[in-house]
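Trainee: Fold the following.
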Amino acid sequence: MDQPTVRRRATVEDIVRLSGVSRSSVFRYLGGKSLRPALMAAIETAMHRLGYEAAGEAGSPSFDLLISTSSAFGSFRGYAEVVEGIVARAVEMGIHVSLGHGPNMEESLASSSIDASRQCGVIILGKSIDEEEKEARELLSQNRPFVFVNRVMNDFSSSYVSADFRMAAKEATEHLFSLGRRRIALWDDGSAVSRVQREKRAGYCSAFEEAGVAPPRELITSKENGELEDEASRILSSPRRPDGWFAMDDRAAMRVIRAAHDLGLRVPEDLAVIGMNDIETASISRPSLSSVRIPFFEAGWTAVDVLTRLIERPIEHTIRIVLGHTLIARESSSGKKKVSAP
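Mentor: Next up is the predicted model:
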């Protein structure tokens, strides 16, 4: 007797492939946003052919989801990738998602489309240390479930999904060590207010500590001292200039490379450079940029699962998940330091 065929439930990725429409456009459509008629027709045709169940048709989730983020949300591509992951997973599960901006919970809710009469879980993204701690206190007092994304929290009352940014920065700095670089510079653009930047700086320092040498204080600077281009030009022009540079993000790394080229320095021969996040342009820049890939989309996707579990199983007070990262060595740090003949 033939076994009945079990049909796999269609996913957002199936719609993207069949419709030929970009993933971000499919997310916007499923989130109720307006698109050009041709795009909407392609998406709806693909959904019909796939028998796709849109949000709310596959079931009735018991909660809505608020993404609580900072007003600087659009300034970093990684935030957008996290949101794409959140929306993708929420759409799969039939969960209504709203985006709220503001330094605290009240402002985030006020700027969102969340129905105040329904239970609301919160995913917190991209806020300052003070804002995060204040919002966590508010949510705990309201007994409202919440998850931080890309934040490793030290207290036991907060759930999070994050890469280990301290370890990622340590490995990036150690990569430069492995090339014979010892005078490794750093420009800090916000460890005083950003938990992630603070972790990256700690990872950089940790690499020196494990190597048994002190971090080169004269090569560590910050936004308080000046903008990156000015500080890079100053440091790279000094008599004992750096032979390596760990940049806290890829855009900063590219700005350092440009400053080095302006001074007639060669990358990687004179200065090996590595960044973080592995943005799309890292592999096609010249020279191609060494970086640490952070799974932003996967962090957003996983955060929805964590939030759902916190709501469905309140006995699980907190859930902590650390995702893996990948160091990718490219031309900006290729080869060992060339030593001049005496």
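Trainee: hey, let's count contacts and neighbours off CA atoms from now on
Mentor: Noted.
Trainee: ok, then the element right after the helix or strand bottoming out on mean pLDDT in the chain?
Mentor: Least confident element among the helices and strands of the chain, by mean pLDDT, DSSP states H and E: helix 105-110 (a mean of 64). Sequence-wise, the next helix or strand downstream of helix 105-110 (DSSP states H and E) is strand 119-125.
Trainee: Might you report the residue contacts of His317?
Mentor: By CA atoms under 8 Å, 6 or more residues apart in numbering, His317 lies in contact with Ser157, Leu310.
Trainee: Let's see that with 10 Å instead.
Mentor: By CA atoms under 10 Å, 6 or more residues apart in numbering, the contact set of His317 is Pro145, Phe156, Ser157, Ser158, Ser159, Arg309, Leu310, Ile311.
Trainee: Any of these buried? List them.
Mentor: Pro145, Ser158, Ser159, Arg309, Leu310, Ile311 (16 or more other CA atoms under 10 Å).
Trainee: these two touch, right, the fifth one and Ser158?
Mentor: Looking back up the chat, that one is Leu310. No - applying CA atoms under 10 Å as the test, Leu310 and Ser158 come out as separate, 11.1 Å apart.
Trainee: okay, and the common contacts of these two?
Mentor: Common neighbours of Leu310 and Ser158 (CA under 10 Å, 6+ apart) are Pro145, Phe146, Val147, His317, Thr318, Ile319.
Trainee: Nearest to Ser233 among those residues?
Mentor: Set against Ser233, the nearest of the shared contacts of Leu310 and Ser158 by CA to CA is Val147 (40.5 Å).
Trainee: Asp270 belongs to a strand, doesn't it?
Mentor: No - read with DSSP: H, G, I helix; E, B strand; the rest coil, Asp270 is coil and lies in no strand.
Trainee: Surely it and Ile184 touch.
Mentor: No - assessed by CA under 10 Å, Asp270 is found out of contact with Ile184, at 11.9 Å.
Trainee: Next, show the common contact partners of these two.
Mentor: Contact criterion CA under 10 Å, 6+ apart; residues bridging Asp270 and Ile184 by contacting each: Arg241, Pro242, Asp243, Gly244.
Trainee: Adding distance to Ser24 and secondary structure as columns, could you present those residues in JSON lines?
Mentor: Below are the shared contacts of Asp270 and Ile184 laid out as JSON lines (distance: CA to CA, whole Å; DSSP: H, G, I helix; E, B strand; the rest coil):
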{"residue": "Arg241", "distance to Ser24": "44", "secondary structure": "coil"}
{"residue": "Pro242", "distance to Ser24": "41", "secondary structure": "coil"}
{"residue": "Asp243", "distance to Ser24": "40", "secondary structure": "coil"}
{"residue": "Gly244", "distance to Ser24": "37", "secondary structure": "strand"}
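Trainee: Compare neighbour counts for Asp270 and Ile184 and give me the winner.
Mentor: Ile184 (24 against 18; other CA atoms under 10 Å).
Trainee: In this structure the more buried one contacts Phe246, no?
Mentor: Yes - assessed by CA under 10 Å, Ile184 is found in contact with Phe246 at 6.7 Å.
Trainee: Once you drop chain neighbours, what's closest to Ile15?
Mentor: Nearest residue to Ile15 in three dimensions, chain neighbours excluded: Ala46, at 5.7 Å (CA to CA, 6 or more residues apart in numbering).
Trainee: Could you give the separation of the strand or helix carrying that neighbour from the chain centroid?
Mentor: Using DSSP H and E, the element containing Ala46 is helix 37-50. How far helix 37-50 lies from its chain's middle: 31 Å, per CA atoms, centre = their mean, to the nearest Å.
Trainee: Give the rounded mean pLDDT of it.
Mentor: For helix 37-50, the mean per-residue pLDDT is 82.
Trainee: Then stretch 118-133?
Mentor: 90.
Trainee: For it, give the distance from the opening residue to the closing one.
Mentor: End-to-end span of stretch 118-133 (CA to CA, to the nearest Å): 25 Å.
Trainee: Return the set of buried residues in it.
Mentor: So for stretch 118-133, counting by 16+ other CA under 10 Å, buried means Cys120, Gly121, Val122, Ile123, Ile124, Leu125, Gly126, Lys127, Ser128, Ile129, Glu131, Glu132.
Trainee: how about the strands in the stretch 51-200 of the chain?
Mentor: 63-69, 97-101, 119-125, 146-149, 159-163, 184-188 (DSSP state E, counting those that start in this stretch).
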